[in-house]
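Chemist: A predicted structure for the sequence below; I have some questions about it.
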Amino acid sequence: MVDHILPGIVAHELATPRYTAQVLERPAADAGHPRATVLFVHGNVSSSLFWQPTMLALPADVRALAVDLRGFGGSEVRPVDATRGLGDYAEDVAAVVDALGLDEVHLVGWSMGGGVVMQALIEHELPVASVTLVNPVSPYGFGATDAEGRLLTPDAAGSGGGGANPDFIARLQGGDRTADAPSSPRSVYLGTYVTPGFASEHDDRWVESMLTTAIGEDNYPGDAQPSENWPGFAPGTRGVLNTMAPTVFDVSGIVDLEAKPPILWIRGANDVIVSDTSLFDLNHLGALGVIPGWPGADVAPAQPMVAQTRAVLEAYAERGGTCREAVFAASGHSPLLEEPERFVAELVAQVLGEGGDAA
């Protein structure tokens, strides 16, 4: 792991009552008096490593921290109780904030990490100054809901741990660093994490980050159970993918928070992971003919993930919060990598009130 830490970043091992976390830090120039502290939360099949260029690009008077969730990066591998939604991760983040002694923090969550941040807001009293959601999982979870977030079937068939590609899992576990197969981690990164054709000097580092993912029913992808509904499986109770099943994950309640930190919603326009036509939504894949037996749009429509997020954030604003959407036209699922200068500008505007809205 240490070999993949960029100069200027320090890795810490942090003991908390929940787990032993690895936390990366770009210290503020005046370590004792940072102007602001930002805590970054990564997404699924990734780690804090992805945040390093952003951390280094922030103003020198900002303290930048990035946490590895349990079972990712350099953090301790512990079981994930999916019956709590993303609650295990949310409580872990709260424990890290407490262990670091932060009295004010700006939270940034990417993809699944955005869901972690939203659940943490609901379940924990954290000293949050602002929230930035980067291509976040829908407030209604991943898969098996209609436009209003209602379950398509009582058991949310087609969501959860059973939807993971077995070859991708095997290649993660085997440490495949090649692009020899469409389901290798590198190919998945190049084809879905970023807009196809994008490349950076750090691509090897991002693949190494993906390969830190702990594999198994208690971690990634989790377990599953049979279903009478298409496509034949329903979420289990353990592991990463089941935490976002809509039977257990619903953070639309952020609209009812008494204290509403300002939210910046950053999204890449070309995202194929969190999208109204997601290539990881089995109902959409069924409509495309990739998965046989699709029962049709009346029974199994694609989840309108972006539209769901927009509806919840509009309600958040209507109920007294503030929310700003920034669409990155040249980005897919990773605006932090694909349009880094604008990403940093938008984040600085959110955290420090300087600049922003850079095209």
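Modeler: Received, thanks.
Chemist: where along the stretch 151-300 of the chain do the strands fall?
Modeler: 215-216, 220-221, 224-226, 233-235, 263-268 (DSSP state E, counting those that start in this stretch).
Chemist: so what's residue 178 closest to, chain neighbours aside?
Modeler: residue 184 (5.7 Å; Cβ to Cβ, 6 or more residues apart in numbering). The way it works is simple: take the backbone N, C-alpha and C, and place the C-beta from them, glycine included.
Chemist: show me the contacts for the closest residue to residue 17 other than its chain neighbours.
Modeler: Distances taken as Cβ to Cβ, 6+ apart place residue 95 nearest to residue 17, at 6.0 Å, with adjacent residues excluded. By Cβ atoms under 8 Å, 6 or more residues apart in numbering, the contact list for residue 95 reads 16-19, 21.
Chemist: Okay, and residue 95 sits in which element?
Modeler: Here residue 95 sits within helix 87-100, counting by DSSP states H and E.
Chemist: again with residue 24
Modeler: strand 20-26.
Chemist: And the helix or strand that that strand is followed by, what does it pack against?
Modeler: Downstream of strand 20-26, the next assigned helix or strand under DSSP H and E is strand 36-41. When contacts are defined as 3 or more Cβ pairs under 8 Å, 6 or more residues apart in numbering; DSSP states H and E, strand 36-41 packs onto helix 52-57, strand 62-67, helix 87-100, strand 105-110, helix 112-123, helix 340-352.
Chemist: Please enumerate residues in contact with the last one?
Modeler: In other words, helix 340-352. 35-36, 38, 53-54, 57-59, 62, 106, 108, 129-130, 132, 262, 264, 266, 324, 326, 328, 335-336, 354-359.
Chemist: So which bits of that helix are buried?
Modeler: Going by neighbour count (16 or more other Cβ atoms under 10 Å), the buried part of helix 340-352 is 340, 342-352.
Chemist: Could you do the longest one as well?
Modeler: By neighbour count, and taking 16+ other Cβ under 10 Å as the criterion, the buried residues in helix 87-100 are 87-97, 100.
Chemist: where does the protein dip in pLDDT?
Modeler: In the predicted model, the chain carries pLDDT under 70 at residues 1-2, 355-359.
Chemist: let's go with 90 and repeat that
Modeler: 1-3, 353-359 (pLDDT under 90).
Chemist: Format the buried residues of helix 87-100 as CSV; extra columns: distance to residue 125.
Modeler: Conversion of these to CSV gives the following (distance: Cβ to Cβ, whole Å):
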residue, distance to residue 125
87, 15
88, 18
89, 17
90, 12
91, 12
92, 16
93, 13
94, 9
95, 13
96, 15
97, 10
100, 16
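Chemist: just curious, which of those is nearest to residue 178?
Modeler: residue 89 (30.1 Å; Cβ to Cβ).
Chemist: now that closest one: how far from residue 133?
Modeler: According to Cβ to Cβ, to the nearest Å, residue 89 stands 15 Å off from residue 133.
Chemist: Check residue 335 too.
Modeler: Taking Cβ to Cβ, one finds residue 335 at 11 Å from residue 133.
Chemist: Mutual contacts of the two, please.
Modeler: residue 266.
Chemist: circling back: which residues does the residue nearest to residue 178 contact?
Modeler: Here residue 184 is in contact with 168, 171, 176, 178 (Cβ under 8 Å, 6+ apart).
Chemist: Which pair in the residues you listed has the greatest spatial separation?
Modeler: Taking Cβ to Cβ, no two of the contacts of residue 184 sit farther apart than 168 and 178, at 13.2 Å.
Chemist: Between these two, which has more neighbouring residues?
Modeler: residue 168 (20 against 11; other Cβ atoms under 10 Å).
Chemist: Excluding covalently adjacent residues, which one is nearest to that one?
Modeler: residue 183 (4.4 Å).
Chemist: What sits closest to residue 211 if chain neighbours are left out?
Modeler: Residue 211's closest residue in space is residue 175 (Cβ to Cβ, 6+ apart), at 5.6 Å.
Chemist: repeat for residue 157
Modeler: In space, and not counting its chain neighbours, residue 157 is closest to residue 229: 3.7 Å by Cβ to Cβ, 6+ apart.
Chemist: Give me the neighbour count for the closest residue in space to residue 198 that isn't next to it in sequence.
Modeler: In this structure, residue 198 finds its nearest non-sequential neighbour in residue 338, 5.6 Å apart by Cβ to Cβ, 6+ apart. By other Cβ under 10 Å, the residues close to residue 338 number 20.
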